[in-house]
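Engineer: need a 3D model of the sequence below.
(one chain, ligands or ions: 1)
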Amino acid sequence: MKNNTIILKSRPVRMPDFSNFEFIEEPMPQHGIGEVLLKTVYVSVDPYLRGKMSGTKAPRFELNKPIASRIIAEVIKSDNKKFLEGDFVSGYLEWKEYQVSNGTEIQKVSAETAPLSAYLGVLGITGLSAYFALSDIGKPKLGETLVVSAAAGAVGSIAGQIGKIMGCRVIGIVGTDEKAELIKTKFGFDAAINYKTRPDIKTAVEEICPGGVDIYFDNVGGVISDGVIANINKYGRIPVCGSISNYNDIEEQTSPSLLPVVVYKFLSIQGFLISDLAERFPEGISQLAFWLKEGKLRYSETIVEGFDKLPGAFIGLLQGKNIGKMIVKI
Ligand SMILES: NC(=O)c1ccc[n+]([C@@H]2O[C@H](COP(=O)([O-])OP(=O)(O)OC[C@H]3O[C@@H](n4cnc5c(N)ncnc54)[C@H](OP(=O)(O)O)[C@@H]3O)[C@@H](O)[C@H]2O)c1
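Structural biologist: Predicted coordinates for the structure are as follows:
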């Protein structure tokens, strides 16, 4: 029996394409003393992988080596006392159908708390990013106005709902009418802007938020963010979660033109990396799981089936083909 693996064949220039990936067959791995043999079940595809592929985000992926991301896997053989055959685990693992782990970098997950795929989304990195960035940096207060970009995505859909739980009026910016409808009907956003049919974001936000914007949860950067920030109120807070609109750029973007408004409106703009908050994950997961159980938080997933669909799912994510968390089921 052979093991399928996906390696990085070439570094993408602008939008990645299928030539950047290569499928190879390897011999089936054998687990040794203290190790487990894992079978991949769900693979998370995420925007940050783009930076690791081109080398702008460290540590970068090496050419001709497997790509890696967060994965849910089943333990199918175990020589490690912490893991039994049939356990499910989450870990930062390679894009392989089977792999061996010594158990130090994987954590058990339980299908009793939530469906396994949820550990890659609402109870995983994207849910935690929404929760910590909005509460710690956005500091929402009752009655404030929150704008979220990439609002139908994995982070954005959760950030918007947490804003509602915390008493804000929430407006989402998305790339299709279907997403605009969904964030209002399923996720409870008060209003939505489709940036593709309403490219003048400054005016669109001005119309929907006549009292201005208190918090801008930024997932996209670029001209969308310029248009929102043009409407920001004094003492506004901007958690900068990501800037997906720039990930395929060749030149790094800088925006010193924004600095005067930071001064005269006393703005707080703060970036963060969720990996920095690992010690607080149990706190975040327990809060998110509580809201899920209470029915206060809902989530969507776009689940693509098949190991061979991984590159296409990743490219599709950068093209906005997902609603909620983009996941590949193996
Ligand atoms: N700081 C951290 O630790 C951390 C952790 C997780 C994620 N992030 C960041 O958070 C952001 C969202 O990540 P996610 O995993 O939740 O992805 P996602 O929002 O589920 O998927 C990406 C979405 O971005 C939108 N998009 C793509 N290209 C765009 C463009 N040029 N302009 C505007 N929107 C565009 C698309 O939606 P539309 O159809 O609406 O355009 C797409 O569905 C990303 O920037 C990511 O890097 C940061």
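Engineer: which strand residues bridge the closest residue to the ligand within the stretch 51-200 of the chain?
Structural biologist: Going by C-beta to the nearest ligand atom, the ligand is nearest to Gly153 of the stretch 51-200 of the chain, at 1.8 Å. (Glycine included, C-beta is placed from N, CA and C.) Beta-bridge partners of Gly153, counted by DSSP bridges, are Gly324.
Engineer: so it sits against Gly324, correct?
Structural biologist: Yes. Here Gly153 reaches Gly324: they are 7.0 Å apart, a contact under C-beta atoms under 8 Å.
Engineer: neighbour-wise, which of those two wins?
Structural biologist: Comparing Gly153 with Gly324 by other C-beta atoms under 10 Å, the one with more neighbours is Gly153, at 32 against 24.
Engineer: how far off centre is the helix ranked longest in the chain?
Structural biologist: If you go by DSSP state H, the chain has its longest helix at helix 281-294. Centre-to-centre, helix 281-294 and its host chain are 17 Å apart (C-alpha atoms, centre = their mean, to the nearest Å).
Engineer: who are the packing partners of it?
Structural biologist: Counting contacts by 3 or more C-beta pairs under 8 Å, 6 or more residues apart in numbering; DSSP states H and E, helix 281-294 packs against helix 125-132, helix 154-165.
Engineer: okay if I get those as CSV plus mean neighbour count?
Structural biologist: Listed next are these as CSV, based on neighbours: other C-beta atoms under 10 Å:
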stretch, mean neighbour count
helix 125-132, 26
helix 154-165, 27
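Engineer: from Pro47, how far out is the residue nearest the centre of the chain?
Structural biologist: Residue closest to the average C-alpha location in the chain (C-alpha atoms, centre = their mean): Thr126, at 4.2 Å. Distance, Thr126 to Pro47, by C-beta to C-beta, to the nearest Å: 10 Å.
Engineer: picking up where we left off before, Tyr119: which of the helices and strands packed on helix 281-294 is closest?
Structural biologist: Closest to Tyr119 of the helices and strands packed on helix 281-294, according to C-beta to C-beta: helix 125-132, at 9.4 Å.
Engineer: what sits up against that closest one?
Structural biologist: In this structure, residues lying in contact with helix 125-132 by C-beta atoms under 8 Å, 6 or more residues apart in numbering are 44, 46, 70, 120-121, 153-156, 158-159, 162, 217, 241, 272, 274, 277, 280-281, 284-285, 287-288, 299, 325.
Engineer: pull out the buried residues from the residues you listed.
Structural biologist: 44, 46, 70, 120-121, 153-156, 158-159, 162, 217, 241, 274, 277, 281, 284-285, 287-288, 299, 325 (16 or more other C-beta atoms under 10 Å).
Engineer: and the helices in the stretch 151-300 of the chain?
Structural biologist: Assigned by DSSP state H, counting those that start in this stretch, the helices in the stretch 151-300 of the chain fall at 154-165, 177-185, 201-208, 222-229, 259-264, 281-294.
Engineer: could I get those as TSV with distance to Phe18 and mean pLDDT?
Structural biologist: Output for the helices of the stretch 151-300 of the chain, formatted as TSV (distance: least, C-beta to C-beta, whole Å; pLDDT from 0 to 100):
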stretch	distance to Phe18	mean pLDDT
helix 154-165	23	98
helix 177-185	25	98
helix 201-208	32	98
helix 222-229	26	96
helix 259-264	41	89
helix 281-294	34	96
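Engineer: determine which stretch of those is the most buried.
Structural biologist: Of all the helices of the stretch 151-300 of the chain, helix 154-165 has the most neighbours on average by mean count of other C-beta atoms under 10 Å, namely a mean of 27.
Engineer: what packs against the longest strand seen in the chain?
Structural biologist: With secondary structure taken from DSSP state E, the chain has its longest strand at strand 68-78. On a contact count with 3+ C-beta pairs under 8 Å, 6+ apart, strand 68-78 meets strand 36-44, strand 88-94.
Engineer: show me what the longest one pairs with in its sheet, parallel or antiparallel.
Structural biologist: If I follow you right, that is strand 36-44. With DSSP bridges as the test, strand 36-44 is paired with strand 68-78 (antiparallel), strand 98-101 (antiparallel), strand 325-329 (antiparallel).
Engineer: same check, this time on the last one
Structural biologist: Here strand 88-94 is paired, per DSSP bridges, with strand 68-78 (antiparallel), strand 106-109 (antiparallel).
Engineer: and of those strands, who's closest to Phe61?
Structural biologist: strand 68-78 (7.4 Å).
Engineer: and this protein, which of its residues are near the ligand?
Structural biologist: By C-beta under 6 Å from any ligand atom, the part of the chain that sits against the ligand consists of 46-48, 125-126, 129, 150, 152-156, 174-176, 179, 219-220, 224, 241-245, 272-274, 317-318, 320, 322, 326.
Engineer: which outside residues touch the helix or strand bottoming out on mean pLDDT in the chain?
Structural biologist: With mean pLDDT, DSSP states H and E as the measure, the helix or strand of the chain carrying the lowest mean pLDDT is helix 259-264 (a mean of 89). Residues from elsewhere that reach helix 259-264 (C-beta under 8 Å, 6+ apart): Ile229, Ile232, Leu267, Ile269.
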